[in-house]
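Chemist: predicted model and sequence below, questions to follow.
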Amino acid sequence: MTPASTAATKTAAGSTATKTATTSTPAAPRGRGRPSTGARERILAAAVDTLKADGYAGLTVAKVAARAGESKALIAYHFGSKHGLVAAVGRELAETITRRVLAGIEEAETVEELVRGIAVGVEEITAEDPRVPRLYFDLAAVSVVEPEVRETIAEINQQWREVATERLVAAKDGPIAKRAPALTLLILAGVQGLALERIERGDTPELVAARELLVRSIVLAVGDLRR
């Protein structure tokens, strides 16, 4: 038998042994890349519900674990701590609101349509579930004394500023890019104020009038900035 045929025979024998071992020994479960069990999503949803119901002060890892039907250890694995969980909730909240409002201003071409669309979109979210803006304002208040929550609120606001600024500049009658950030800040401050008013007093004629005044003031401000 030649060296080549000997090597081939050994290789074949090795392959057969490998196949036999593979067949007889069950494969170990995969770690990385395994399909999600949905635990993280359940925990996050439970944290959102707990924060809506009890606020930041009433949020505990134990409550979230019980509501999600998961262990506290698993919450620590996915989010690290209560602060990490709150940060994830804040991002989820921001993404939900942003998607909803963006859908409402998708066809807005002017500054007036854009500002009214943002204001009305936030009002609609507030009307459907007042706990959503309450949760935002709760976290904003806590952010004064909690640095990690402050970072989350800053991320939410930054995301909104970037979206609103980009849409303002793209509007037919929009401001030049360097003027847009100040207008964005004015829009967000106005919309947040209207949301607080709606939480406190509901959908009143004064609220509707105030919204139109906000829209008109932004439009006039853009006109002044373009001169």
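Modeler: Yep, it's here.
Chemist: burial count for residue 218?
Modeler: 24 (other CB atoms under 10 Å). All C-beta spots, glycine's among them, are computed from the backbone N, C-alpha and C.
Chemist: that one and residue 79: what is the separation?
Modeler: Using CB to CB, to the nearest Å, residue 218 is found at 38 Å from residue 79.
Chemist: quick one: low-confidence parts of this structure?
Modeler: Filtered on pLDDT under 70, the chain yields the residue ranges 1-36, 227.
Chemist: tell me how it divides into domains.
Modeler: With domains defined by automatic domain parsing, the chain comprises 37-80, 82-226.
Chemist: state the distance from residue 191 to residue 84.
Modeler: 28 Å.
Chemist: equivalent analysis for residue 47, please.
Modeler: 10 Å.
Chemist: out of those two, which sits in the busier spot?
Modeler: Set residue 47 next to residue 84 and count neighbours by other CB under 10 Å: residue 47 wins out with 25 against 15.
Chemist: which SS class is residue 173?
Modeler: coil (DSSP: H, G, I helix; E, B strand; the rest coil).
Chemist: pretty sure it is touching residue 220, no?
Modeler: No. Using CB atoms under 8 Å, residue 173 makes no contact with residue 220, being 11.5 Å away.
Chemist: who's more crowded, the two?
Modeler: residue 173 (15 against 11).
Chemist: look up phi and psi at the more buried one.
Modeler: phi -110, psi 30 (degrees, to the nearest 10).
Chemist: can you check residue 199 too?
Modeler: Residue torsions, per degrees, to the nearest 10, at residue 199 are phi -60, psi -40.
Chemist: neighbours of it, how many?
Modeler: 14.
Chemist: ignoring the adjacent residues along the chain, who's closest to residue 218?
Modeler: residue 115 (4.8 Å; CB to CB, 6 or more residues apart in numbering).
Chemist: in what helix or strand does that neighbour lie?
Modeler: helix 111-128 (DSSP states H and E).
Chemist: which strands or helices does the helix or strand following that helix pack on?
Modeler: On the C-terminal side of helix 111-128, the nearest following helix or strand under DSSP H and E is helix 131-142. Contacts defined by 3 or more CB pairs under 8 Å, 6 or more residues apart in numbering; DSSP states H and E place helix 131-142 against helix 39-54, helix 82-104, helix 111-128, helix 147-170, helix 180-201.
Chemist: make a markdown table out of the ones you listed and add distance to residue 135.
Modeler: Formatted as a markdown table, the helices and strands packed on helix 131-142 follow (distance: least, CB to CB, whole Å):
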| stretch | distance to residue 135 |
| --- | --- |
| helix 39-54 | 5 |
| helix 82-104 | 6 |
| helix 111-128 | 11 |
| helix 147-170 | 11 |
| helix 180-201 | 11 |
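Chemist: closest one to residue 136 among those?
Modeler: helix 82-104 (6.6 Å; CB to CB).
Chemist: burial count for the closest residue to residue 156 other than its chain neighbours?
Modeler: Spatial nearest neighbour of residue 156, excluding adjacent residues (CB to CB, 6+ apart): residue 94 at 4.1 Å. Residue 94: 19 surrounding residues under other CB under 10 Å.
Chemist: OK, contacts around residue 94?
Modeler: 155, 156, 159, 160 (CB atoms under 8 Å, 6 or more residues apart in numbering).
Chemist: tally of neighbours for the second one?
Modeler: Meaning residue 156. 21.
Chemist: ok, it - contacts?
Modeler: So residue 156 contacts 90, 91, 93, 94, 136 (CB under 8 Å, 6+ apart).
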